[in-house]
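A.B. asks: kindly return the folded structure for what I paste below:
(one chain, ligands or ions: 3)
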Amino acid sequence: MRAGEIIDRCRTLAVLSEIPDGLLRTFLSPPMRQLHGLLREWMEAAGMRTAIDAAGNLRGLYPSSAETPRRLLIGSHVDTVPYAGAFDGVLGVLLAIALVDALGGRRLPFSIEVVAFSDEEGIRFGAPFLGSRALAGALDAALLGRRDADGISVEEAIRAFGLDPAALPEARLSRGVFAYIEFHIEQGPVLESLGLPLGVVTSIAGLSRLSVTFRGQANHAGTTPMHLRRDALAAAARWISLVDRYARATPRLAATVGALDVRPGAANIIPGEVRASLDVRHPDDAVRQRSTAVLLDDARRIAARCGVAAEWQSHVDLAATACDPWLVAALGRAVSAAGYPVHRMPSGAGHDAMILAWRIPAAMLFLRSPGGISHHPDETVHAADVEAALAAGAALLADLEQRQA
Ligand code: HGY
Ligand code: MN
Ligand code: MN
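C.D. replies: Ligands and ions are numbered 1, 2, ... in the order given. Here you go, the predicted model:
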């Protein structure tokens, strides 16, 4: 399968959306069923047996040449952020299917399992990595009890999709899985700035995600004098500009307020309550934790000055993750064997690989992001870079085959 067909498949999947004016596909939403239908077809055409596990992950198994539990896992996620591009996540699944397809029925001394994770972005339930957590045995009761905007819990969503939460233990990684590889777009400007097609990921930045709520007093916008107001949005706005200033002054820190929910939300009412998201990333966990604590302390201090209250809830606190050194070296060898320059680099974005790394060796190969843009409809890839990733992936399989034969 050539790069053009892989890109076409990504664009075919990109129309399977919950919204009419862009791409949004969340955990076990209706478009996910259509996506499973297409991916199963493509997986089965490549010689895989397919199944959907209790967490909604679609899994394709390409058997090995002999009776062995040894298995290589290759995958990525198929859910998206709102108004997403066509490649974040799905490209990794389609590259995995193409690598199996390229074997043309030839069996390796290990089986290959391709996995399309049901939820990595965490958009529906505010908690990311639900799919890969199921493989790691970490989709716990607290997560299963989280509710979406309609009050539906994760567990109820699983049942509504026709799956059985009681079968979650069967979704766990099988005993013989020896490694996880994820192909993914870089989602940033580095490879493009260096003029490189591929990047071998050495580590993944740690990730904190919280919601910060400012509570003041809704009141009439025309009759309430400025000095008598307890304006939740005015306080939040002061804090948000401080988040931006603090992050710009802290090397390698990324801090983002990406979502604001303003209540009651009318032009002639002083905002009584504002719920702000806070996303903090850094390669060093101590810096990330300290920065998060400073920003929350600032929220409380600014709120007090504005006569409002501030409180917060943590949703994600994931440690920075080192990719497996042996796999990083093997990916480097494969990229070189495929005839491309080897560039090692950290990942600022979070990925399912950081969850799989709790249980098995995990590593990633990045493809250049033209324009350095992602989580945006303009996200794209070069066909030549998809060809490069296919060649490197085939070289990796050959290397693993030789070492295990
Ligand atoms: O947010 C992230 O880093 C990833 O896109 N889920
Ligand atoms: Mn993403
Ligand atoms: Mn992604």
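
A.B. asks: residue numbers of the stretch 51-200 of the chain in contact with ligand 1?
C.D. replies: Residues of the stretch 51-200 of the chain lying close to ligand 1 (C-beta under 6 Å from any ligand atom) are 120-121, 128. Placement of C-beta: from N, CA and C, glycine included.

A.B. asks: looking at those residues, which is nearest Ala96?
C.D. replies: Glu120 (14.9 Å; C-beta to C-beta).

A.B. asks: in stretch 338-348, what counts as buried?
C.D. replies: Residues 338, 340, 342-343, 345-348 are the ones in stretch 338-348 that count as buried (16 or more other C-beta atoms under 10 Å).

A.B. asks: is Leu365 in a bridge, and if so with what?
C.D. replies: On the basis of DSSP bridges, Leu365 is bridged to Phe183, Val200.

A.B. asks: what pLDDT is listed against it?
C.D. replies: At Leu365, the pLDDT value in this model is 98.

A.B. asks: neighbours of it, how many?
C.D. replies: 25 (other C-beta atoms under 10 Å).

A.B. asks: looks like it contacts Val335 (just checking).
C.D. replies: Yes - the criterion here is C-beta atoms under 8 Å, and Leu365 meets it with Val335 at 7.4 Å.

A.B. asks: mutual contacts of those two, please.
C.D. replies: Taking C-beta atoms under 8 Å, 6 or more residues apart in numbering as the contact rule, Leu365 and Val335 both touch 198, 200, 392.

A.B. asks: could you list the domains of the chain?
C.D. replies: Following the assignment in automatic domain parsing, the chain carries domains at 3-205+320-404, 206-318.

A.B. asks: what's the most buried one of these?
C.D. replies: Highest mean neighbour count among the domains of the chain (mean count of other C-beta atoms under 10 Å): domain 3-205+320-404, with a mean of 20.

A.B. asks: hey, where'd the strands end up in the stretch 101-250 of the chain?
C.D. replies: For the stretch 101-250 of the chain, the strands defined by DSSP state E, counting those that start in this stretch occupy 111-117, 177-185, 198-204, 206-215, 219-220.

A.B. asks: which residue is nearest the centroid of the protein?
C.D. replies: With distances taken as C-alpha atoms, centre = their mean, Glu120 lies nearest the centre of the chain, 4.0 Å away.

A.B. asks: related to what we said a few turns ago, and the two most separated of the buried residues of stretch 338-348?
C.D. replies: Farthest pair in these (C-beta to C-beta) is Ala338 and Gly348. Separation: 25.2 Å.
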